[in-house]
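K.L.:
Just to be clear, the model below is a prediction. Sequence and coordinates:
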2 protein chains.
Amino acid sequence: MHTVLRSKTGVEALIGSDLPFVVIGERINPTGRKALAAEMLAGNFERVKADALAQVAAGAPVLDVNAGLGVANAHELEPEVIVKAVEAVQSVVDVPLSIDSSIVAALRAGLRAAGGKPLINSVTGESERMEAVFPLVAEYHCAVIVISNDETGISYDPQVRFEVAKRIVKRAESYGIPREDLLIDPLVMPAGAVRGSGGAVLDIVRWVREELGCNTVCGASNVSFGLPNREAINANFLAMLIAAGMPSAITNPLKPELKTAILAADMLMGHDEDCMRWLRYQRQLAREAAAAAAAASGEAAPAADDRAARRAARRETKE
Amino acid sequence: MHTVLRSKTGVEALIGSDLPFVVIGERINPTGRKALAAEMLAGNFERVKADALAQVAAGAPVLDVNAGLGVANAHELEPEVIVKAVEAVQSVVDVPLSIDSSIVAALRAGLRAAGGKPLINSVTGESERMEAVFPLVAEYHCAVIVISNDETGISYDPQVRFEVAKRIVKRAESYGIPREDLLIDPLVMPAGAVRGSGGAVLDIVRWVREELGCNTVCGASNVSFGLPNREAINANFLAMLIAAGMPSAITNPLKPELKTAILAADMLMGHDEDCMRWLRYQRQLAREAAAAAAAASGEAAPAADDRAARRAARRETKE
């Protein structure tokens, strides 16, 4: 089953466990980025545009747009700011968007600005949230991230989280929303606090795929919260999620360790024809290394088709 | 189900998908190591001892011992050489051993020298091999690696390889060998040549676990044959194998990327109580980095309890 997202002009992103992994770029989010929040509030969207360009260049086929400014009058301001952010992104890249807000008016404004078939980030199993968000999903025929917690909180027990996901899927269907438009987030808990929380997520991913036929998504980096060498944990966790059949995650496409893990796992699962994406990325790294070496030794930076870079790439291939 | 291996003096290594991943150290193997082969032939086992010490220090709970010298009269020489190699290893470390040979007389000599409960590496589904090796397994009450190919060769189809494994397990049982003493090797094929060969192995691992109740093992590095950046591919593949429930692999414990992947995956699966092994390894890396930095800046190398190293470890933890 494929979840289809679409940009305003019709560019599609397909999400499915038989396809290359889809990174939903997380960078356009002022939470914890004070400079970005101040700029967005002042109507300056240059950093938003730069983040959009960089993430798409790094291979993100979908971008999350969050305009949560963390101010008292967010309910009034956020719908307007998210529209400007969406328009800024669309002025530089043409990819499907994920409209990310807890304010329903901002979701509606963002969906309208986005056009095409965006993704809503997100709805939980709390009745109030479902009653507010599902009508929007049905009206705009968009897709939505479903987070597997409800009024009782987040259970440590993966079975309970799966049951919550099942109930939310049923409720969504009562609004006429098809299962392929639901991306289930099994909720990743920190492995430092909840022993085996990574394995629990792998179980839920498999159950959701086999019993509900839905695709899944997550914010993978929460798993390493509080632990040293977070990038290494997150990268290996992404490979494990791909092995279990998770087709997408909200993460930072600019982190090289994550990119390496995703491309390696995609290739190992057979989602990279002739290993072309892996080979291209390794050649890119070899070119960059050769350019850095040349710069360090005082030579001019090599041209794109430079022989040294090719030699380095060939050496790597033979290794 | 746990596969139990035992050293001569009774030190145990337990293999099971609910336990920390077991690396069977692959370094003591003269194949492709000409200097080592020449030394072993000349009766010099110093490098064998050094390899044993280094691999156990790096965390390998089991060591493979191979004495395949690649000479014409191997059948005559190998039984004697493998005994000397086993004795050399036992003179410096006390871990269970994997006796690795295609020559039955060498297997028998190695088993006798090893004592305890070693592992035989390996038997295939070829009738002649099974008839030669299974009686040894039964006689010595040891464990054995079972490779899922037969007279017809190695199938690209994971279903066929699983069927071969099933037949071998049945045949082993006719010799009175219990399932927990069989480690099934699903045969890892290069992903560059066989599209999706990684995913195929994950399927076989799950089927073997769920339908046969056996543990699995593999030589993971074959998956990256012919591709650039092999370490990264192998490391991510190990994390994916652990996610699928593979409890052991024959690999090089000295490669830092592999160690990181294994420790991260163990922790994420809940096989690392209080994340202690992950934290200890990160502290070790921080200490080494601090020592290297101190050495580079001309200071004396810091003591084991050096404050800078502790600060570095703490900084990492808070990150």
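P.N.:
The structure has been received and is ready for your questions.
K.L.:
In the stretch 51-200 of chain A, which residue sits nearest chain B?
P.N.:
At 2.2 Å from chain B, A:Gly196 is the closest residue in the stretch 51-200 of chain A, using CB to the nearest CB. All C-beta atoms are positioned from the backbone trio N, CA, C, and that covers glycine.
K.L.:
which residues touch the one helix or strand A:Val133 maps to?
P.N.:
A:Val133 belongs to helix A:127-140 when elements are defined using DSSP states H and E. Residues outside helix A:127-140 that contact it (CB atoms under 8 Å, 6 or more residues apart in numbering or on different chains): A:104, A:107-108, A:111, A:118, A:120, A:123-124, A:142-144, A:151, A:168, A:171-172, A:175-177, A:181.
K.L.:
That one: which residues count as buried?
P.N.:
A:129-130, A:133-134, A:136-138, A:140 (16 or more other CB atoms under 10 Å in any protein chain shown).
K.L.:
Check stretch A:155-169 too.
P.N.:
The neighbour-count check on stretch A:155-169 (16+ other CB under 10 Å) flags A:155, A:158, A:161-166, A:168-169 as buried.
K.L.:
Let's see which of those end up in helices.
P.N.:
A:158, A:161-166, A:168-169 (DSSP state H).
K.L.:
closest to B:Ile28 among these?
P.N.:
A:Pro158 (41.2 Å; CB to CB).
K.L.:
Quick check, pLDDT for that closest one.
P.N.:
pLDDT for A:Pro158: 95.
K.L.:
Could you do A:Arg311 as well?
P.N.:
Looking at A:Arg311, its pLDDT reads 57.
K.L.:
One more: A:Glu131?
P.N.:
98.
K.L.:
quick revisit: would JSON lines of the buried residues of helix A:127-140 with distance to A:Pro228 be doable?
P.N.:
Listed next are the buried residues of helix A:127-140 as JSON lines, based on distance: CB to CB, whole Å:
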{"residue": "A:Arg129", "distance to A:Pro228": "35"}
{"residue": "A:Met130", "distance to A:Pro228": "39"}
{"residue": "A:Val133", "distance to A:Pro228": "37"}
{"residue": "A:Phe134", "distance to A:Pro228": "41"}
{"residue": "A:Leu136", "distance to A:Pro228": "41"}
{"residue": "A:Val137", "distance to A:Pro228": "40"}
{"residue": "A:Ala138", "distance to A:Pro228": "45"}
{"residue": "A:Tyr140", "distance to A:Pro228": "43"}
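K.L.:
What are the neighbouring residues in contact with A:Phe162?
P.N.:
A:148, A:186, A:203-204, A:207-208.
K.L.:
now those residues: which count as buried?
P.N.:
A:148, A:186, A:203-204, A:207-208.
K.L.:
got the residues of the stretch 101-250 of chain A near chain B?
P.N.:
By CB under 8 Å from any CB of the partner chain, the residues of the stretch 101-250 of chain A that approach chain B are A:191-192, A:195-199, A:202, A:223, A:226-230, A:232-233, A:235-237, A:239-240, A:242-244.
K.L.:
Can you name the two of the contacts of A:Phe162 that sit furthest apart?
P.N.:
Distances among the contacts of A:Phe162 were taken as CB to CB; the most separated pair is A:Ser148 and A:Asp203, at 12.3 Å.
K.L.:
So, low pLDDT: which residues of the stretch 201-319 of chain A?
P.N.:
A:299-319 (pLDDT under 70).
K.L.:
tell me which element A:Leu227 is part of?
P.N.:
Using DSSP H and E, A:Leu227 maps to neither a helix nor a strand.
K.L.:
Look up how far B:Glu257 lies from it.
P.N.:
Taking CB to CB, to the nearest Å as the measure, A:Leu227 falls 18 Å from B:Glu257.
K.L.:
So those two - more neighbours on which side?
P.N.:
A:Leu227 (22 against 17; other CB atoms under 10 Å in any protein chain shown).
K.L.:
tally of neighbours for the closest residue to that one other than its chain neighbours?
P.N.:
Once flanking residues are discounted, A:Leu227 sits nearest to A:Gly192: 4.8 Å by CB to CB, 6 or more residues apart in numbering or on different chains. Using other CB under 10 Å, A:Gly192 is surrounded by 20 other residues.
K.L.:
Over to A:Gly298?
P.N.:
A:Gly298 sits with 6 neighbouring residues when counted by other CB under 10 Å.
K.L.:
Distance check, it against chain B.
P.N.:
For A:Gly298, the distance to chain B equals 23 Å [CB to the nearest CB, to the nearest Å].
K.L.:
So that residue lies in a helix, does it not?
P.N.:
No - per DSSP: H, G, I helix; E, B strand; the rest coil, A:Gly298 lies outside any helix segment and is coil.
K.L.:
Could you count how many residues lie near A:Met1?
P.N.:
The tally of other residues near A:Met1 (other CB under 10 Å) stands at 15.
K.L.:
ok, it - contacts?
P.N.:
A:16, A:179-180, A:213-215.
K.L.:
Please apply the same query to A:His2.
P.N.:
Applying CB under 8 Å, 6+ apart to A:His2 gives the contacts A:14-16, A:19, A:180, A:215.
K.L.:
Can you tell me which of the residues you listed is closest to A:Val86?
P.N.:
So of those, ranked by how close each gets to A:Val86 (CB to CB), first place is A:Ile15, at 20.2 Å.
K.L.:
Can you report phi and psi for the closest residue to that closest one other than its chain neighbours?
P.N.:
Nearest residue to A:Ile15 in three dimensions, chain neighbours excluded: A:Thr3, at 4.1 Å (CB to CB, 6+ apart). Backbone torsions for A:Thr3, taken as degrees, to the nearest 10, come to phi -90, psi 120.
K.L.:
need the contact list for A:Thr3.
P.N.:
A:14-16, A:143, A:180-183, A:215, A:247.
K.L.:
can you check A:Pro61 too?
P.N.:
By CB under 8 Å, 6+ apart, A:Pro61 lies in contact with A:13, A:22-23, A:95-96.
K.L.:
what's the closest of the residues you listed to B:Val65?
P.N.:
Using CB to CB, A:Val23 is the member of the contacts of A:Pro61 that sits closest to B:Val65, with 44.3 Å.
K.L.:
Is it correct that the closest one falls within a strand?
P.N.:
Yes - looking at A:Val23 with three-state DSSP, it is inside a strand.
K.L.:
That one contacts A:Gly59, doesn't it?
P.N.:
Yes - counting by CB atoms under 8 Å, A:Val23 touches A:Gly59, with 6.7 Å between them.
K.L.:
neighbour count winner among these two?
P.N.:
Under the criterion of other CB under 10 Å, the comparison of A:Val23 against A:Gly59 puts A:Val23 first, with 23 against 18.
K.L.:
For that one, list each beta-bridge partner.
P.N.:
Following DSSP bridges, A:Val23 is listed with bridge partners A:Ala249.
K.L.:
roughly how far is the helix holding A:Val133 from the heart of the chain?
P.N.:
How far helix A:127-140 lies from its chain's middle: 21 Å, per CA atoms, centre = their mean, to the nearest Å.
K.L.:
before we move on, what about stretch A:251-266?
P.N.:
On the basis of CA atoms, centre = their mean, stretch A:251-266 sits 12 Å off its chain's mean C-alpha point.
K.L.:
Can it be said to contact chain B?
P.N.:
Yes - counting by CB under 8 Å from any CB, chain B has neighbours in stretch A:251-266: A:260-261, A:264-265.
K.L.:
got CSV for those residues, with secondary structure too?
P.N.:
Below are the residues of stretch A:251-266 next to chain B laid out as CSV (three-state DSSP):
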residue, secondary structure
A:Thr260, helix
A:Ala261, helix
A:Ala264, helix
A:Ala265, helix
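K.L.:
List just the nearest of those residues to B:Ser297.
P.N.:
Distances from B:Ser297 to the residues of stretch A:251-266 next to chain B, taken by CB to CB, are shortest for A:Thr260, at 31.1 Å.
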